[in-house]
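Participant: Provided below are the primary sequence and the corresponding predicted coordinates.
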Amino acid sequence: MMKLSDTVLDQIKENRKKFRVDHFDIVISEYVNRYNEGKIILDPPYQRTFRWDEPTQSALIESILIGIPLPPIFAFSNDDFNWEIIDGLQRTSTLIRFFNSLINERTDIRFVDCEILTDLNGKTMHDLSSGVINNLKNARIRIELVEDNDDLYSQYLLFSRLNSNGEDLSPQELRNFLVYKLSPDFYELMNDFRDNTNFKEAVNLNTNRVKKQEDNEYILRYFICQMIMRHETPEVPYGKIDVLITKEIQNYLSGKSVEEIAAGFDNITETYAYIRRLLGKNSFRYFHSKLNSITNTSVIAPAIGLLLDEFRLMDDERAINILGDFFESEVYANLTARSYSPTRRFFKLSDKAFEYLSEKVREV
């Protein structure tokens, strides 16, 4: 009889195959030269663009000079054998900035707030002796080079776990990696649509929520809900809503053609134009300013999207009454009760909202 520990060992062996990592050290001058040759990608679309402040950048160079080991830099080796940085973006950017200031003869990049090598403060790379420069150039950094593979979800897990330990990224910011890897076309259209005026005014998220890319999350929810409404995916007992969104958007995008993706964004664009015109700004609070949460009420958007022709044929008063009746219905009250887990509610609310609205719009 196989012991439980044996099955764990089997899982370990199987999953280790998904992460082929090459470990090696490289001198900093060679690493920077690799970037200058276009062989290091610092700004993949899914990465947040932020920059360390001057003291933090100076502290990195100071640490190298006094021999403090740096954390390894993780990178994917892509199809062109270039390195796509997935963890270590700011360390890499800092090294490039200081070293290339020598090449570009820039004198405005100065060391500040160095606590140990205080004589560095106020100086530029041009002020340093050749001995100090060579010390920096010959210092080594560890590279963890991850071989690209076809298991995109495993790549996403690696990216999310590495980046969760550093800058505080939201679930959607981490999910952007997977979305981009699955479909660059979808990713580009998603980021274009988040600037759509009708969409922005309908969901009406504050600046902080937009910064966390919750608007992109609502776009993903739209397409996942429609997939559930069309019975194209079964209900799965996910433990967390973030896992549901991540797994189901992977299901949605698998095998989608460019044309199908474009058609989906045509639909969401027309739907939010209709919703914004019908319900005004802050559309999902139209019926009651405290009506549960936007995550629940926004389920009407994908349902309207699938029934858009029917809604367009009716007058506004009837459309508003149908939507209002849904939020007053026993169906909605039961599904938004606390007895439902967030993930089960997501599936059930999507299914029942479409079922309810489909029946009502077709009544004579």
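Facilitator: That came through, no problem.
Participant: so what touches the strand or helix carrying Asp266?
Facilitator: Using DSSP states H and E, Asp266 maps to helix 258-279. Around helix 258-279, the neighbours that count as contacts under C-beta atoms under 8 Å, 6 or more residues apart in numbering are 183, 185-186, 189-190, 193, 196-199, 201-202, 219, 222-223, 253, 283, 286, 300-302, 304-305, 308, 311-312, 316, 319-320, 323. C-beta: built from backbone N, CA, C; applies to glycine.
Participant: can you select the buried ones among those for me in ChimeraX?
Facilitator: Applying 16 or more other C-beta atoms under 10 Å to these leaves a buried subset, and the ChimeraX line that selects it is:
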select :183,185,186,189,190,193,196,198,199,202,219,222,223,253,283,286,300,301,302,304,305,311,319,323
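Participant: shaky segments in the chain?
Facilitator: 1-5, 9-20, 43-50, 107, 148-151, 153-154, 156, 159-169, 289-292, 364 (pLDDT under 70).
Participant: got the domain boundaries for it?
Facilitator: 11-163, 171-363 (the TED database).
Participant: just these: most buried one?
Facilitator: Among these, ranked by average contacts under mean count of other C-beta atoms under 10 Å, first place goes to domain 171-363 (a mean of 17).
Participant: chain center to that domain: distance?
Facilitator: 18 Å (C-alpha atoms, centre = their mean, to the nearest Å).
Participant: first-to-last residue distance for that domain?
Facilitator: Domain 171-363 has an end-to-end distance of 41 Å (criterion: C-alpha to C-alpha, to the nearest Å).
Participant: what's the answer for stretch 80-99, then?
Facilitator: Separation of the first and last residues of stretch 80-99 by C-alpha to C-alpha is 25 Å.
Participant: contacting residues for Asn100?
Facilitator: Asn100 neighbours (C-beta under 8 Å, 6+ apart): Val32, Asn36.
Participant: which parts of the chain are strands?
Facilitator: 21-27, 40-41, 73-77, 83-87, 140-147 (DSSP state E).
Participant: Thr92 against Pro72, yeah?
Facilitator: No. If you go by C-beta atoms under 8 Å, Thr92 and Pro72 don't touch, sitting 11.8 Å apart.
Participant: now do the contacts for Asn198.
Facilitator: Taking C-beta under 8 Å, 6+ apart, one finds Thr269, Tyr272, Ala273, Ile275, Arg276, Arg277 in contact with Asn198.
Participant: 7 Å instead?
Facilitator: Asn198 makes contact with Tyr272, Ala273, Arg276, according to C-beta atoms under 7 Å, 6 or more residues apart in numbering.
Participant: gap between the first one and Arg344?
Facilitator: Here the criterion is C-beta to C-beta, to the nearest Å. By it, Tyr272 lies 27 Å from Arg344.
Participant: over to the second one?
Facilitator: If you measure Ala273 against Arg344 using C-beta to C-beta, the figure is 32 Å.
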